[in-house]
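Visitor: Below are the sequence and a predicted model for it; my questions follow.
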Amino acid sequence: MARPRHLLAPLSRIAPPSISLPRPETARLAPSAFQSIRCAATNSAPKEKKKKKARNTYLNYDLRKADQFALVDAMQYIRAFEVGRNPSSSKYEMHVRFQCLKNSPVIRNRLRLPHPVKTDLRICVIAAPGSKAEAEARAEGATLVGEESIFQQISEGTVEFDRCICHIDSLQKLNKSGLARKLGPKGLMPSTKMGTVVTNVGSTVRDMVGGSEYRERAGVVRMAVGQLGFTPEEMQRNIKAFMDAIKKDMARISSRTVKELHEVVLSSTNSPGFTLTGEFRGEHSISPKELSGPL
Amino acid sequence: MVNIVKRMRVLRELLWIRTGPGALLLPNDVTKIGMEFSARIEGGHRGARKFWREMLPKIKYRNPTIPIEISRHKEPDGPSLLHIFTSTVPSTKPPTHLPTLTPSGPPTHSIDVKSLSESAILEKLIEATGAKAIETTPEQQQQMEEIKEFKERSEKDREMVREKLMKERREQALLKMARGDAAASS
């Protein structure tokens, strides 16, 4: 019986109070600048939460709206951006973007450009002293060649090279020496998977001296393709060689996955990226001769 | 790879390298431009560095055949100079003179640019060489205005977003603190 009484008290509160607060009508009409611009938060509540499916390809944009450049035009801009820089420290870079699945096999290889970008690579070759492989390696310009002597050096902690190649006959000795502990973390341990355990030492060293490695990361292959002092013709040859190599790699894995070229960008150390059209000269380009001189 | 919208924005802003003060055609007899200043701005080297960063790309873009060399030293009291090399025989050839003829003698003009602003240095360069400035068309002018406006607006937006973010973070921190206290007291 106590219930109705309980209800009575709240009912009296429902009636509007005699002294109601005046509503700030005018203030409402003029919304704050914050609200007027950022209105995304006023979205109506979603009726049902759709679980968004994670994208399994890399996001790519329509390039028809993008500004694209012929090689000569891009080089004219890049040379202007690199003005006054040390020409030996600044480099041209290529970025090649693919249209592919995120979990597709990556492109990874090395190639020898017609005009090498850097030539001061120190290479170590592990081959039996006195063998034919050793002579070849020395002839091609390897800095360190040997077996036991190198093992001893490395185990003492002196690693004075940037690449390490092993002849296939010396692989067993290398594995027994337990140097993987030292070389592995540096990424220098020779392995068949990396293509650094070889039978023909001479040609590998030759490729490495003027060669450069590239690898796909997040759908993009990046590589330095030229020194800043290169002429447009030299750059054209280098870019062509690079693109041909990539196309070959793409053809090799084409049975397993679909991978297509999406965008090719040329940039340099101090310049923005210029999407290339694939042409050498555009309609209004300057003569390539004008870009051949010193910076 | 950088987002395409960002990249395209940078390319649209390439207009600065084509127009504005510094976009000029040097006469044919200029063979080389050199600069010498300190790596740090103390001692009046600010203008020289600004000139390098802002004006020289424009000059290089319009005059791709002319080599431009910069050497920077470490002393604040050292020289701050603008060298202009000219060939002794004014050539009447078109501007595509082969750049193999790099000058080897002393520079024709050596301008002291210490404590000068970048625009003053540009004036001195024009005075010494008689370079012809490239006029900005009204369309380009308008485009520049648009870019400027866009940048101002984005700066404002950035501030607003930052404010909102900070507010959210502050609230969350407060909540966390309150929850932590409740857990400790019970």
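Guide: Sure thing, it's come through.

Visitor: ok, for the residue nearest the centre of chain A, nearest residue in space, not its chain neighbours?
Guide: Chain A has residue A:222 as the residue nearest its centroid, 4.2 Å off, counting by C-alpha atoms, centre = their mean. Spatial nearest neighbour of residue A:222, excluding adjacent residues (C-beta to C-beta, 6 or more residues apart in numbering or on different chains): residue A:95 at 5.1 Å. Every residue, glycine included, has its C-beta placed from N, CA and C.

Visitor: what bridges to the one you found?
Guide: residue A:222, residue A:265 (DSSP bridges).

Visitor: Would you check that it makes contact with residue A:265?
Guide: Yes - with contact defined as C-beta atoms under 8 Å, residue A:95 and residue A:265 form a contacting pair (4.2 Å).

Visitor: Tell me the residues on chain A that lie near chain B, please.
Guide: A:34, A:37-38, A:61, A:65-67, A:76-77, A:79-81, A:83-85, A:95, A:97, A:218-220, A:263, A:265, A:272-275, A:286-287, A:289-295 (C-beta under 8 Å from any C-beta of the partner chain).

Visitor: Pull out the buried members of the residues you listed.
Guide: Among the residues of chain A next to chain B, those classed as buried by 16 or more other C-beta atoms under 10 Å in any protein chain shown are A:76-77, A:79-81, A:83-85, A:95, A:97, A:219, A:263, A:265, A:272-275, A:286, A:290-293, A:295.

Visitor: So which of these belong to strands?
Guide: Counted as lying in strands by DSSP state E, out of these, are A:95, A:97, A:263, A:265, A:272, A:273, A:274, A:275.

Visitor: Check the contact lists of residue A:95 and residue A:265 and give me the overlap.
Guide: Residues touching both residue A:95 and residue A:265 (C-beta atoms under 8 Å, 6 or more residues apart in numbering or on different chains): A:273, B:1.

Visitor: Can you tell me which residues in chain B are near chain A?
Guide: With the criterion set to C-beta under 8 Å from any C-beta, chain B comes near chain A through B:1-2, B:4, B:7-8, B:10-12, B:14, B:17, B:35, B:52, B:56-61, B:64-65, B:67-70, B:96, B:98-100, B:102, B:157, B:160, B:164.

Visitor: Of those, which belong to strands?
Guide: Per DSSP E, the residues of chain B next to chain A map to strands at B:35, B:68, B:69, B:70.

Visitor: How about the third one: what's its closest non-neighbour residue?
Guide: Right, the one you point to is residue B:69. Of all residues not flanking residue B:69 in the chain, residue B:34 sits nearest, at 4.8 Å (C-beta to C-beta, 6+ apart).

Visitor: any idea which helix is longest in the chain?
Guide: Since you didn't name a chain, this refers to chain A. Longest helix of chain A, by residue count under DSSP state H: helix A:232-252.

Visitor: To clarify, I was referring to chain B.
Guide: Taking DSSP H as the criterion, chain B has its longest helix at helix B:138-185.

Visitor: who does that one touch, helix- and strand-wise?
Guide: Judged by 3 or more C-beta pairs under 8 Å, 6 or more residues apart in numbering or on different chains; DSSP states H and E, the packing partners of helix B:138-185 are helix A:33-37, helix B:15-18.

Visitor: and if we set it to 7 Å?
Guide: The contact analysis (3 or more C-beta pairs under 7 Å, 6 or more residues apart in numbering or on different chains; DSSP states H and E) places helix B:138-185 against helix B:15-18.

Visitor: Pull the residues that contact the helix it packs on.
Guide: For helix B:15-18, contacts defined as C-beta atoms under 7 Å, 6 or more residues apart in numbering or on different chains pick out A:77, A:80, B:57, B:58, B:61, B:140, B:143, B:144.

Visitor: Could you find the closest non-adjacent residue to the second one?
Guide: The spatially closest residue to residue A:80, leaving aside those adjacent along the chain, is residue B:61, at 3.8 Å (C-beta to C-beta, 6+ apart).
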